[in-house]
Structure formats: structure tokens, C-alpha cells
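Enquirer: make a model of this:
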Amino acid sequence: MTRDLRGPLGALDAASQMLGDYPDMAPADRNGFIRIIGEECTRLRHRIDALAEGRGQAPQAVWPMADMHFSELFAC
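Expert: You can find the predicted model right below:
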């Protein structure tokens with residue numbers, strides 16, 4: 001789950017750093033980074049919505065339970 005969130009966060013971080021570090025970049029490049037930020041925000045929103053709805057949860061294993069006598073554990 002965290003891996004699914006780290007990717008978009010890393011892209012957001014990198015894009016915002018580029019915008020901050022290079023205030024005089026070409027408008028086309030700036031627009032590309034702004035587009036990346038918007039796309040990654042959308043990806044994060046969808047992932048968070050999926051988690052909130054329970055779709056992002058790992059399936060829970062079902063372990064069958066049975067009564068067992070202690071001596072059966074070591075009967076080999």
C-alpha cells in the first residue's frame with residue numbers, strides 16, 4: 001500500500017522542487033511540471049478513495065480452527 005502512495009508523492013515532490021529551483025524555466029517546461037502535479041494529485045485521490053472504500057485492503061486470510069488435544073500436537 002505505501003509503495004502505491006510513495007510513487008505519486010515522489011513525483012509531486014520532484015515536480016514542485018523543479019518549479020521552485022528554476023523560476024525562469026521555459027513556459028512549456030513549467031506547464032509540463034504543472035500537468036504532472038495535477039495528474040499525480042488525481043492518482044493519489046483515486047488511491048485514497050479506494051482505500052477509504054476498502055478496495056485497497058489486502059484480503060484477510062481465514063485460518064480454520066479445530067479443537068485439538070495437546071497430545072495430538074506431538075504424536076508423530
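
Enquirer: OK, contacts around Ala14?
Expert: Taking Cβ atoms under 8 Å, 6 or more residues apart in numbering as the contact definition, Ala14 lies against nothing. Every residue, glycine included, has its C-beta placed from N, CA and C.

Enquirer: okay, and it sits in which element?
Expert: helix 2-21 (DSSP states H and E).

Enquirer: which parts of whatever helix or strand comes next after that helix are buried?
Expert: Next along the chain after helix 2-21, taking DSSP H and E as the criterion, comes helix 27-52. For helix 27-52, a neighbour-count test (16 or more other Cβ atoms under 10 Å) marks 33, 36-37, 40, 43-44, 47 as buried.

Enquirer: and which of these is nearest Pro64?
Expert: Within those, proximity to Pro64 (Cβ to Cβ) peaks at Arg47, which comes in at 33.2 Å.

Enquirer: how close does Tyr22 get to Pro64?
Expert: To Pro64, Tyr22 is 60 Å away according to Cβ to Cβ, to the nearest Å.

Enquirer: what do you get for Leu19?
Expert: From Leu19 across to Pro64, the span is 55 Å (Cβ to Cβ).

Enquirer: before we move on, what about Arg6?
Expert: According to Cβ to Cβ, Arg6 stands 36 Å off from Pro64.

Enquirer: of these two, who's got more company?
Expert: Higher neighbour count among Arg6 and Pro64: Arg6, with 10 against 4, using other Cβ atoms under 10 Å.

Enquirer: can you check the pLDDT for the closest residue in space to Cys41 that isn't next to it in sequence?
Expert: Once flanking residues are discounted, Cys41 sits nearest to Leu12: 7.2 Å by Cβ to Cβ, 6 or more residues apart in numbering. With respect to pLDDT, Leu12 scores 92.

Enquirer: Leu12 against Ile37, yeah?
Expert: Yes - contact criterion Cβ atoms under 8 Å: Leu12 and Ile37 qualify, at 5.9 Å.

Enquirer: and the residue nearest to Cys41, how many neighbours?
Expert: A count of nearby residues for Leu12, using other Cβ under 10 Å, gives 17.

Enquirer: again with Asp4
Expert: By other Cβ under 10 Å, the residues close to Asp4 number 13.
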